[in-house]
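Peer 1: I would like the atomic coordinates for the input below:
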Amino acid sequence: MVLIMTETRYYKDKIYIPREIRERLNLSEGDIIQFKITEDGEIRLVVLKANEARNRLLECLDNPPNLGSIFGSLRRTEIYEDLA
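Peer 2: I've put the predicted structure just below:
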C-alpha cells in the first residue's frame, strides 16, 4: 500500500527528502535515518527519533560488542608495518 509517492534528485553527494515526506515522518534535528536495501534493490527507510538514537548509543556503551582482545602489547611499527 502506497501512502505517498514522490521523487527527489541526487545532487552533489546529497539526497534531499521532499517536504511532504519529512512532514509525514515527523523528522526533526538529530533523528537518524537508516537505509535498508533488499536483495531485489528495494530500499526501506527507517527513522530513529533522536531520543531512541541516544538510547541505542547508551545501550552500546553499557554493553559494548566483543571485538576480540590483543595479548601483550603492540608497537606503532608493528601496527603499520604492512603499509610500507
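Peer 1: okay, now Leu61: neighbour count?
Peer 2: Neighbour count of Leu61, defined by other CB atoms under 10 Å: 8. For every residue, glycine as well, the C-beta is placed using N, CA and C.
Peer 1: tell me which element it falls in.
Peer 2: Element membership for Leu61, per DSSP states H and E: helix 50-62.
Peer 1: okay, the next helix-or-strand element following that helix in CSV with CA atoms only?
Peer 2: Next along the chain after helix 50-62, taking DSSP H and E as the criterion, comes helix 76-80. Listed in CSV are the C-alpha atoms of helix 76-80, where the atom choice follows Å, rounded to 0.1, in the frame of the first residue of the first chain:
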residue,chain,number,x,y,z
ARG,A,76,53.3,1.5,16.3
THR,A,77,55.8,-0.1,13.9
GLU,A,78,54.1,-3.5,14.3
ILE,A,79,50.7,-2.0,13.5
TYR,A,80,51.8,-0.1,10.4
